[in-house]
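J.: fold the stuff below for me.
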Amino acid sequence: MGTRRIRDAVRRRRYELTLHALEEMDEDDLTEIDVRRVLSRGRRVVRMVDDPRGVRFVVRGPTDRMGCLAEVVCRFLPSGLLRIITAYRVEN
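T.: This next block holds a predicted model:
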């Protein structure tokens with residue numbers, strides 16, 4: 001479980017961006033399209049299980065811009081909706 005479920009949620013547009021994610025995306029000049037691409041084509045690099053609110057995933061992958069990598073931190077809500085907690089650029 002994890003990567004396949006994340007990709008399915010993105011494909012079906014069953015996700016939400018937090019205000020924090022939108023602020024961080026703006027700071028790093030990332031768009032929702034960039035975030036969708038990372039989640040759709042990237043790979044899960046971390047599965048964090050120590051949060052009482054639920055398991056969080058960190059997905060790393062390319063954005064639409066050549067050579068730009070980003071990471072997206074997300075978790076599934078009890079409703080099955082994918083909550084995108086934050087997104088940021090990663091230095092190559």
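J.: going by C-alpha atoms from here, please, whenever you check contacts or count neighbours.
T.: Noted.
J.: from the contact counts, what lies against the helix or strand of the chain with the lowest mean pLDDT?
T.: Scoring the helices and strands of the chain by mean pLDDT, DSSP states H and E places strand 43-48 at the bottom, with a mean of 86. For strand 43-48, the helices and strands in contact under the criterion 3 or more Cα pairs under 8 Å, 6 or more residues apart in numbering; DSSP states H and E are strand 56-62.
J.: strands paired with the strand it packs on, and their directions?
T.: Strands that pair with strand 56-62, judged by DSSP bridges, come out as strand 43-48 (antiparallel), strand 69-76 (antiparallel).
J.: buried residues in the first one?
T.: In this case it means strand 43-48. When neighbours are counted by 16 or more other Cα atoms under 10 Å, the buried residues of strand 43-48 are found to be Arg44.
J.: so which residues make contact with that strand?
T.: Contacts of strand 43-48 with the rest of the structure, by Cα atoms under 8 Å, 6 or more residues apart in numbering, involve Gly2, Thr3, Val55, Arg56, Phe57, Val58, Val59, Arg60, Gly61.
J.: try 6 Å this time
T.: Taking Cα atoms under 6 Å, 6 or more residues apart in numbering as the criterion, the residues outside strand 43-48 that touch it are Val55, Arg56, Phe57, Val58, Val59, Arg60.
J.: report the lowest-confidence entry in those.
T.: Sorting the contacts of strand 43-48 by pLDDT puts Val55 at the bottom of the list (90).
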